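*Asks:* Predicted model follows, preceded by the sequence.
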Amino acid sequence: MQDGAHVLPIRVYYEDTDFSARVYHASYLRFMERGRTELLRAVEVAQSDLHADMGGLAFVVRKMNIDFLGGAVMDDVLTIVTRPKEMRGASMTLAQEVRRGDEVLVKADVMVAAVRGGRAVRIPDELRAALSVDF
């Protein structure tokens, strides 16, 4: 954690690239998913525990706004930066960046919704409190 955000280093592997040896655009989605999961772990919330302990509660991506600004290649070490941006009743928006050093390659705002049984539910108060704490 640094400057109010969770920071996750990721190395680019062959499997993350396309035929041009650049990171395939969908790989950035996987990287950002890992960043969101690790943010929850950093505030001591495991998605598997939420699901098991809260009657099947899960988070689903509702909306993404992505700006691809540059490309990474195999063996690059990237940093996935994830910070809470907005919290609502059943949804929260997270601001994410994929960086190579100081260069921002991808920026995204990702809205996730809490659901149970296919229906939106309020984000648990414990998680709400944990994510509102300044890191």
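*Replies:* Cool, got the structure.
*Asks:* Quick one: mean pLDDT for stretch 124-135?
*Replies:* Across stretch 124-135, the average pLDDT comes to 76.
*Asks:* List of residues touching it?
*Replies:* Stretch 124-135 has contacts (Cβ atoms under 8 Å, 6 or more residues apart in numbering) with 1-6, 39-40, 42-45, 50, 54, 57, 84, 87, 92, 114. Where C-beta positions appear, they are placed from N, C-alpha and C, glycine not excepted.
*Asks:* same thing but at 10 Å, please
*Replies:* For stretch 124-135, the external contacting residues (Cβ atoms under 10 Å, 6 or more residues apart in numbering) are 1-7, 39-40, 42-45, 50, 53-54, 57, 59, 83-84, 87, 89, 92, 94, 114, 122-123.
*Asks:* to the chain's geometric centre, what's the distance from that stretch?
*Replies:* Relative to the centre of its chain, stretch 124-135 is centred 16 Å away, using Cα atoms, centre = their mean, to the nearest Å.
*Asks:* Please, a PyMOL command that selects the buried ones among the contacts of stretch 124-135?
*Replies:* In PyMOL syntax, the buried subset of the contacts of stretch 124-135 is picked out as below (16 or more other Cβ atoms under 10 Å):
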select buried, resi 5+6+7+39+40+42+43+45+50+57+59+83+84+92+94+114+123
